[in-house]
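Chemist: Below are the sequence and a predicted model; questions follow.
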Amino acid sequence: MKRSLINIGCLILLTTFALGGVKLKMETKSKSGAVIQAGWIYSEGEDHLRIDPDVDPDSGEMDASMIYRGDLETLFLVNHEEKEYMRLDRETMEKLSVKLNQAMQEMQKQMEQLPEAQRKIMEDMLKQNMPQQGNDFDVDVEDVGVEDGLQKYEVWIGGERRTYVWVAPEESQGLPKGALDSFRNLSQFYQELLSPLASNPMFQSMGANPFPGFANMQGVPVRILHLEEGRETRLSEAAVESLSSDLFSPPEGYEERRPEVE
């Protein structure tokens with residue numbers, strides 16, 4: 001099942017990353033308690049992160065991965081089904097923003113040449129199909145106190161409360177203190193990467209940052225309750241270990257698919 005960047009971004013919100021070589025596992029369960037989704041997170045230092053959000057527990061196969069390389073100032077979006085990947089950096093996103101703005105201007109010129117009745121129909125269609133200007137994807141995290149010995153937070157998306165999150169100290173999970181440092185770097189980079197697109201209605205949803213808030217939580221999310229779906233995600237495994245550098249690059253033999261920005 002293919003996932004959008006926003007979906008992958010929301011899964012990243014369900015966990016955190018630690019300094020050094022760290023491997024984390026998160027499991028999402030249904031109301032009946034059955035595991036319906038499992039994912040792995042790998043971190044090496046402050047600038048190397050890999051997220052495999054949906055891994056088959058039997059075969060180990062996965063549909064997609066997201067790799068953050070702070071040293072290269074790049075995000076890699078890997079599609080394992082098609083054996084291809086896309087490289088996103090500041091230059092690419094700036095070019096894409098220019099192209100989208102030009103497309104919007106050209107469309108506006110064409111609409112101005114239409115008769116009034118047809119122009120009204122086109123404007124109504126655009127309003128219905130384009131993301132609206134506003135905060136539909138804004139993420140806000142609120143500290144609501146301590147519950148069962150864990151710090152509890154509420155996560156709001158687009159003005160709606162979506163999840164409750166319970167957070168534990170890093171040390172209690174076998175992780176070093178300061179485990180959120182690399183996540184803060186990812187959050188900041190993502191914000192900078194997508195900022196050129198934030199005001200363009202053709203790409204409005206990508207202009208929102210799905211990562212903020214969790215970087216400011218004091219500890220590691222160990223339990224997440226998804227209110228709308230009635231599902232629960234738990235951090236089920238956390239280990240410090242040596243990681244292969246191959247984890248933080250697209251697999252050898254995968255084809256690079258470049259965005260059409262020229």
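Modeler: Arrived safely, thanks for sending.
Chemist: C-alpha only now, for contacts and for neighbours.
Modeler: Noted.
Chemist: For the stretch 151-262 of the chain, just list every one of the helices.
Modeler: According to DSSP state H, counting those that start in this stretch, the stretch 151-262 of the chain carries its helices in the segments 181-194.
Chemist: That should have said the stretch 1-150 of the chain, apologies.
Modeler: Secondary structure of the stretch 1-150 of the chain (DSSP H, counting those that start in this stretch): helices located at 5-12, 90-112, 116-129.
Chemist: got any ranges where the stretch 1-150 of the chain has weak pLDDT?
Modeler: Within the stretch 1-150 of the chain, the stretches with pLDDT under 70 are 1-20, 97, 123, 126-138.
Chemist: Residue 183 versus the residue lying farthest from the centre of the chain, what's the distance?
Modeler: Within the chain, residue 115 marks the point farthest from the mean C-alpha position, 42.6 Å out by C-alpha atoms, centre = their mean. Using C-alpha to C-alpha, to the nearest Å, residue 115 is found at 52 Å from residue 183.
Chemist: same check, this time on residue 80
Modeler: 24 Å.
Chemist: Quick check on these two: which one has the bigger neighbour count.
Modeler: Comparing residue 80 with residue 183 by other C-alpha atoms under 10 Å, the one with more neighbours is residue 183, at 28 against 17.
Chemist: Which pLDDT does the model give the more buried one?
Modeler: pLDDT recorded at residue 183 is 74.
Chemist: Same check on residue 197?
Modeler: Looking at residue 197, its pLDDT reads 63.
Chemist: Assess the claim that residue 83 and residue 252 are in contact.
Modeler: No - look at residue 83 against residue 252 with C-alpha atoms under 8 Å: they stay out of range, at 9.6 Å.
Chemist: what residues are up against residue 80?
Modeler: Residues counted as contacts of residue 80 (C-alpha atoms under 8 Å, 6 or more residues apart in numbering) are 62-65.
Chemist: and the gap between it and residue 42?
Modeler: Applying C-alpha to C-alpha to residue 80 and residue 42 gives a distance of 17 Å.
Chemist: got it, and residue 79?
Modeler: Counting by C-alpha to C-alpha, the gap from residue 79 to residue 42 is 18 Å.
Chemist: Between the two, point out the one with more neighbours.
Modeler: residue 42 (25 against 20).
Chemist: contacting residues for residue 240?
Modeler: Going by C-alpha under 8 Å, 6+ apart, residue 240 touches 20-23, 174-175.
Chemist: let me fix that: residue 36
Modeler: Here residue 36 is in contact with 27-30 (C-alpha under 8 Å, 6+ apart).
Chemist: Quick check: ChimeraX command selecting the buried ones in those residues.
Modeler: To isolate the buried ones among those in ChimeraX, judged by 16 or more other C-alpha atoms under 10 Å, type:
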select :27,28,29
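Chemist: Which two among the contacts of residue 36 are spaced furthest apart?
Modeler: Greatest spatial distance among the contacts of residue 36 (C-alpha to C-alpha): 27 and 30, at 10.2 Å.
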